[in-house]
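Asker: Build me a model from this:
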Amino acid sequence: MRSIAAALAITLAGPAAANCDSIAKKAQSVDRSQVAPTFGKLVACDPGVAESHFDDFMKASGDVDTLVALALVTIDAGLYTPVWGLLDNIPDYSARDEVAAAVGSKCAEHEGMLAFIKGAYVGVGDRQFGQWREALRSCSAEGLTAWLEEVTAAPPTTAYDKKYTTVVEAYVRHKKAEALPVLQAAAAKAGAEGGPIGDLLDQMAEALRPEGLGARMSDDDKATLRDAMSSIAETAKPDAARAVADRLYQLGYADAAAALLPKVYPERVQGNGNMLYAVASIEACSGLAVVHYAQVTDKAKRWVITDEVTAPARAFKPRLKCTADGDWPVMVTPEPVASKADIEAWVQGISDAETAKGNETKLREEKAIALD
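Answerer: All right, here's what the predicted structure looks like:
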């Protein structure tokens, strides 16, 4: 009985398989206008055969509109894998974006688009998913926006995740300022758990950035962003708090950034609540150099102390008989230090660099500077 059934199956499958193969062969000569319809017939004949011949039909497309039509037919059939890799085969990067945007713009008319994008988020790598960013941005389907929000609200616990960032960028593109509460909550979570805090902070700023060339964020929006970022730092790990402080400083809120110093450098706060730094200036001439240096204390009022210590550092008493040309170069420790030993190691590095230039170098510790 088994042999008869098998023979019957082969007999019935033979003509059907031959018919599918004949459709597949049309990819070699089909007119562009018939690429998508012909591939649709092949899908109806045998989805497996269609998937194996997708690249043949893609090569027959030849223009953006035909590629888009082919992609949509394939997505409608639930064959996502070949379309995920479609953009890899387009050498023109602008054409890739054009195809992705056009496919995404049709998402409301093609129910399979949401599953296609969700599947790509799980099924492909950062690079391939990133190629479809324009599809995420151009799709206005309510279901996609809800999914973008869902993903944004649950950041990964790694500092870098390109697929996640691609989703967040698309979410901000759709929601603009309305995205801020979700972004703020996600950034707080990322800051506490080691997630991509930097990308989320950048997208918070993007959400409030006005449209138009040269347009600037209003003072009210800047203040809203300041408050949102400052609240994130309350539960953030030191590295994440530093990312917040850096952006607050860039926004012009130096005081808000400085207020986070104890959070960013908890182990470097001195017993009296001060932060400890060092400044050095180099007096050099005629093959001689003196590295003047002093420790600096600040009451955690400044995120950057360079402006306050540059003039005092250049006013140290000269020690060489020759006269240096121009202003003495001034350097400041890039962040607070924990102890005087850290200052000495930092200064020794400056001295070694001067010696490597061929100068006979000496160190000179100057009177400490206390900033008000």
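
Asker: At which residues are the strands of the protein located?
Answerer: Remark: strands assigned in the chain by DSSP state E are 275-285, 288-298, 330-332, 360-365, 369-370.

Asker: quick one: buried residues of the first one?
Answerer: Along strand 275-285, these residues count as buried under the neighbour rule (16 or more other CB atoms under 10 Å): 275-284. Where you see a C-beta, it was placed from the backbone N, CA and C, and this is true even at glycine.

Asker: Dump the strands of the chain to a markdown table, plus distance to Gly143 and mean pLDDT.
Answerer: Listed next are the strands of the chain as a markdown table, based on distance: least, CB to CB, whole Å; pLDDT from 0 to 100:
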| stretch | distance to Gly143 | mean pLDDT |
| --- | --- | --- |
| strand 275-285 | 50 | 98 |
| strand 288-298 | 53 | 98 |
| strand 330-332 | 53 | 98 |
| strand 360-365 | 67 | 98 |
| strand 369-370 | 61 | 98 |
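
Asker: show me what contacts Ala215?
Answerer: Ala215 sits next to Arg209 when contact means CB atoms under 8 Å, 6 or more residues apart in numbering.

Asker: that older thread, can you tell me which of the buried residues of strand 275-285 comes closest to Leu42?
Answerer: Met275 (69.6 Å; CB to CB).

Asker: surely that closest one meets Gln295?
Answerer: No: using CB atoms under 8 Å, Met275 makes no contact with Gln295, being 11.1 Å away.

Asker: Redo the strands of the chain as a markdown table? Include distance to Gln250.
Answerer: Below are the strands of the chain laid out as a markdown table (distance: least, CB to CB, whole Å):
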| stretch | distance to Gln250 |
| --- | --- |
| strand 275-285 | 20 |
| strand 288-298 | 20 |
| strand 330-332 | 19 |
| strand 360-365 | 34 |
| strand 369-370 | 26 |
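
Asker: so which of the ones you listed comes closest to Pro155?
Answerer: Between these, strand 275-285 lies closest to Pro155; by CB to CB that is 30.5 Å.

Asker: Only alpha carbons, please: show the closest one as CSV.
Answerer: The C-alpha coordinates for strand 275-285 follow below in CSV (Å, rounded to 0.1, in the frame of the first residue of the first chain):
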residue,chain,number,x,y,z
MET,A,275,36.5,67.9,44.7
LEU,A,276,40.3,67.7,44.1
TYR,A,277,42.0,68.6,40.9
ALA,A,278,45.4,69.8,39.7
VAL,A,279,46.6,72.4,37.3
ALA,A,280,50.0,72.6,35.6
SER,A,281,51.8,75.2,33.5
ILE,A,282,55.0,74.8,31.5
GLU,A,283,57.7,77.4,31.5
ALA,A,284,60.2,76.4,28.8
CYS,A,285,63.1,78.0,26.9
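
Asker: In this protein, what helix or strand scores lowest on average pLDDT?
Answerer: helix 2-25 (a mean of 58; mean pLDDT, DSSP states H and E).

Asker: What ranges does the stretch 151-300 of the chain have for its helices?
Answerer: 162-175, 180-193, 197-208, 219-233, 238-250, 254-258, 261-264 (DSSP state H, counting those that start in this stretch).

Asker: Reformat the ones you listed as CSV; add mean pLDDT.
Answerer: Converted to CSV, those look like this (pLDDT from 0 to 100):
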stretch, mean pLDDT
helix 162-175, 97
helix 180-193, 98
helix 197-208, 97
helix 219-233, 96
helix 238-250, 96
helix 254-258, 96
helix 261-264, 96
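
Asker: Make JSON lines out of those helices and add mean neighbour count and distance to Arg302.
Answerer: Shown next, in JSON lines, are those (neighbours: other CB atoms under 10 Å; distance: least, CB to CB, whole Å):
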{"stretch": "helix 162-175", "mean neighbour count": "22", "distance to Arg302": "32"}
{"stretch": "helix 180-193", "mean neighbour count": "21", "distance to Arg302": "23"}
{"stretch": "helix 197-208", "mean neighbour count": "22", "distance to Arg302": "21"}
{"stretch": "helix 219-233", "mean neighbour count": "18", "distance to Arg302": "17"}
{"stretch": "helix 238-250", "mean neighbour count": "21", "distance to Arg302": "10"}
{"stretch": "helix 254-258", "mean neighbour count": "19", "distance to Arg302": "5"}
{"stretch": "helix 261-264", "mean neighbour count": "21", "distance to Arg302": "9"}
